[in-house]
Every structure is written in structure tokens, then in C-alpha cells.
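Engineer: here is the input, now give the coordinates:
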Amino acid sequence: MNFVAIDFETANCSLGSACALGIVIVELGEIVHKEFRLVRPKDLYFSSFNTRIHGITEKDVIHEPEFNEIWPQILPLIKGRNLVAHNASFDMNVLREVLLQYELPCPDFPYSCTLQISRRTWPELRSHRLNVVAEYLGISFKHHDALEDALACASIAIKACQVHRAHTLEELAETLDINMGTTACIRRPRQSYAYGYSSKYPNPKDICPDVSEFDTKHPFYGAVCVFTGNLKTMSRREAMQKVVNCGGCCSNSVSKRTRFLIMGETDYYRVKGEKSAKYRKVEQMISEGLNIVILDEEKFIEMLGPAGAKTNNNIASR
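Structural biologist: Okay, here's the model as predicted:
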């Protein structure tokens with residue numbers, strides 16, 4: 001089996017903020033090449049939340065090349081090969097977004113997701129997060145290091161092919177009844193953090209957790225939340241602060257990474273009874289199979305629970 005496992009780390013919630021890339025090339029079922037690159041994001045901003053996850057700071061990348069500078073060296077390594085990533089939609093969207101930022105063409109790579117592969121291959125596991133699957137398979141690695149994650153992903157894909165006696169990722173996908181994705185780039189209006197925000201609402205970049213520990217089981221932990229409309233019980237900044245204090249992340253625009261859309265009372269229908277642009281976009285994305293949950297303010301407050309109100313001592317560290 002031949003493929004390339006990749007993993008991105010990002011500097012903040014923006015998909016275009018790639019700050020590290022790990023690449024692992026597999027040929028005939030063996031790892032033959034490993035590569036790690038630090039990347040200076042075009043918008044040089046690191047959220048404290050992301051830094052706590054991967055340990056990379058602005059100082060680490062200040063003198064590193066931007067993605068458009070390393071892409072000519074990266075492309076030959078992956079061109080003509082199938083890609084693999086764990087929770088691949090994230091990494092492929094990072095690749096798409098960063099190429100769009102620099103107006104670079106996005107090659108049409110087929111890709112597989114080892115998260116989906118793991119769910120079909122080892123359904124008995126309590127979770128199919130990368131670290132859980134790796135531990136189950138006896139794979140030792142440092143989580144949230146781009147190269148280490150790519151190596152773990154590659155090892156999982158190799159093992160799954162062995163379990164199912166598949167010689168290619170296409171055979172594996174067919175055996176498991178999984179659709180392979182494609183990196184074909186659909187150009188769209190840019191709405192990422194790098195291009196600014198309306199002054200009417202707070203910039204999510206300016207809102208950092210004021211707690212040192214998170215409840216990793218909280219529904220907002222690791223989730224991207226988007227607010228629309230006016231809340232009755234708190235300002236949008238206060239609501240965003242509560243989300244990030246739960247380990248979540250906020251955005252002012254809807255994307256494929258969005259997990260929750262929180263609706264203010266005025267935003268179900270705007271002037272002349274028309275739905276807001278964010279609401280319509282989320283409805284469309286849900287119809288296309290994306291797992292986005294729409295919450296009204298009451299449900300949002302209910303889900304916050306006591307953890308969202310705390311400022312010092314959430315109950316479980318990362």
C-alpha cells in the first residue's frame with residue numbers, strides 16, 4: 001500500500017493559520033520518509049488555547065517560512081499519492097484554506113480518514129480519538145506533535161489494511177463501505193479570521209480563557225461555536241468568554257468546523273421574515289450531512305451549566 005499521512009497544527013481557530021505540518025510517506029506498507037515543517041502563519045497570531053495543545057508559540061515560527069514558500073518542496077512529496085489523516089476533514093480544510101490564502105491551486109488528491117477507518121475496524125473502543133486508537137494498537141507517540149500524529153495515523157492505516165487484507169486504501173474503503181474524500185478546491189468568498197471582522201462584534205482572537213484547566217467532557221470543549229443575533233441575558237463577548245472558558249473556540253463566521261450555532265432572539269428571522277445568512281448557511285450544511293447543532297439562548301445557557309460560569313477551577317485538566 002502506498003500513501004502519505006499528513007497532520008496540521010494551527011495557531012488559532014482559523015483554518016488558514018497552519019503553524020506546523022507533519023508528513024509521512026508509506027510505500028509498500030513501510031514508512032520510507034518523514035518530514036516536519038514549522039510554518040509562519042500569514043496572520044501571526046497564536047491563541048493561548050491552541051498553544052496549550054501543541055506547545056508552539058509565535059517565537060517558534062517568527063523566522064520560519066510561510067506556507068507558500070514551503071509548498072514547492074511539499075507538493076512533490078505528496079503529488080500523485082493518496083492522503084490519509086485522522087479526522088481528515090480538519091486537515092484537508094486547513095490545506096484548502098491555506099492554499100486559498102495564497103491563491104495557489106489546490107490539486108485534486110483523494111484522501112482517507114483513519115478516524116472513520118478506526119470506527120469500522122475497532123468498533124469496540126470507547127473512543128476513536130487518535131491517542132486512544134494508538135494506545136490500543138500499542139503505538140507510542142507524542143500527541144499534538146504534527147510529525148508524531150502523522151506517524152501514528154500512518155501506523156493505524158497500515159494496521160487496518162493488514163486486518164482487512166487490503167492492498168490499497170481504495171480496497172480498504174470498499175471493504176469498510178467508506179467513501180474516500182477529495183481535496184478538490186471550491187473557491188468561495190473568504191471569511192476566515194485573516195481578513196478581519198465587523199466592528200459590531202468582538203474579535204474572537206481577543207478572547208482568551210481566564211482559567212487554567214478544562215472539563216474535557218464539557219459539550220463545548222474543543223467545539224467551534226458561532227453566535228448570531230442579540231442575546232437577551234448577556235453580551236456576545238460574555239457568551240464567547242464562557243465558551244472559551246469551557247475549552248471551546250469561537251468564530252464570527254460559519255465554516256465546516258462549526259459545531260454549534262447559537263441563535264439570539266432577533267435572529268431566527270430578520271427583516272421581511274427572511275432567515276439570516278448564517279442560519280441559511282448552517283441549514284444548507286446540515287442538509288449536506290455536516291453535524292452542526294443549532295441552539296437557542298435557553299439551550300445554550302443550559303449546556304453551559306456551572307462550568308461556564310466558573311472563572312478559576314474547572315474540574316479536569318486537559
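Engineer: am I right that H144 sits in a strand?
Structural biologist: No. Counting by DSSP: H, G, I helix; E, B strand; the rest coil, H144 is not found in a strand; it is coil.
Engineer: what pLDDT does it get?
Structural biologist: pLDDT, H144: 92.
Engineer: count the neighbours of it for me.
Structural biologist: Neighbourhood size, H144 [other C-beta atoms under 10 Å]: 19. Using the backbone N, CA and C atoms, a C-beta is placed for each residue, glycine as well.
Engineer: measure how buried the nearest residue to it once chain neighbours are set aside is and give me the count.
Structural biologist: Residue nearest to H144 in three dimensions, not counting chain neighbours: H54, with 4.5 Å by C-beta to C-beta, 6 or more residues apart in numbering. As a burial measure, H54 scores 19 neighbours (other C-beta under 10 Å).
Engineer: for G29, same thing?
Structural biologist: Residues near G29, counting by other C-beta under 10 Å, number 13.
Engineer: contact partners for it?
Structural biologist: For G29, the contact set (C-beta atoms under 8 Å, 6 or more residues apart in numbering) comprises M1, I158, C161, Q162.
Engineer: my guess is the residue nearest to H144 contacts A20. True?
Structural biologist: Yes. Under the criterion of C-beta atoms under 8 Å, H54 makes contact with A20 at 6.9 Å.
Engineer: shared neighbours, the two?
Structural biologist: E9, A146.
Engineer: would you list every one of the helices in this protein?
Structural biologist: Applying DSSP state H to the chain gives helices spanning 48-54, 58-61, 67-78, 88-101, 114-121, 130-136, 146-163, 169-176, 236-245, 277-287, 297-309.
Engineer: could you figure out how far the fourth one is turned away from helix 67-78?
Structural biologist: So that's helix 88-101. 130 degrees (axes from the mean of the first three to the mean of the last three C-alpha atoms, to 10 degrees).
Engineer: got a markdown table for the helices of the chain, with distance to S255 too?
Structural biologist: Below are the helices of the chain laid out as a markdown table (distance: least, C-beta to C-beta, whole Å):
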| stretch | distance to S255 |
| --- | --- |
| helix 48-54 | 16 |
| helix 58-61 | 23 |
| helix 67-78 | 18 |
| helix 88-101 | 8 |
| helix 114-121 | 19 |
| helix 130-136 | 22 |
| helix 146-163 | 21 |
| helix 169-176 | 26 |
| helix 236-245 | 16 |
| helix 277-287 | 9 |
| helix 297-309 | 19 |
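Engineer: of all those, which lies closest to V254?
Structural biologist: Nearest to V254 among the helices of the chain is helix 277-287; the distance by C-beta to C-beta comes to 4.9 Å.
Engineer: just checking, I294 touches L261?
Structural biologist: Yes. Using C-beta under 8 Å, I294 is in contact with L261, at 4.9 Å.
Engineer: which residues of the protein score low on pLDDT?
Structural biologist: Scanning the chain with the threshold set as pLDDT under 70 gives 184-201, 265-276, 307-318.
Engineer: how's it carved up into domains?
Structural biologist: Per the record, the chain has its domains at 3-182, 197-309, by automatic domain parsing.
Engineer: tell me which of those sits most buried.
Structural biologist: Among those, domain 3-182 has the highest mean neighbour count (mean count of other C-beta atoms under 10 Å), at a mean of 19.
Engineer: show me the residue at the heart of the protein, geometrically.
Structural biologist: The chain has F90 as the residue nearest its centroid, 3.9 Å off, counting by C-alpha atoms, centre = their mean.
Engineer: grab the nearest non-local neighbour of that one.
Structural biologist: Using C-beta to C-beta, 6+ apart, the nearest residue to F90 is R257, at 6.9 Å.
Engineer: and that neighbour, how far is that from K142?
Structural biologist: Distance, R257 to K142, by C-beta to C-beta, to the nearest Å: 24 Å.
Engineer: do the same with P202
Structural biologist: In terms of C-beta to C-beta, P202 sits 34 Å off from K142.
Engineer: for E64, same thing?
Structural biologist: Applying C-beta to C-beta, the value for E64 to K142 is 20 Å.
Engineer: equivalent analysis for E135, please.
Structural biologist: Remark: distance between E135 and K142 (C-beta to C-beta) = 13 Å.
Engineer: F220 too?
Structural biologist: 26 Å.
Engineer: and D177, by the same measure?
Structural biologist: Distance from D177 to K142, counting by C-beta to C-beta: 33 Å.
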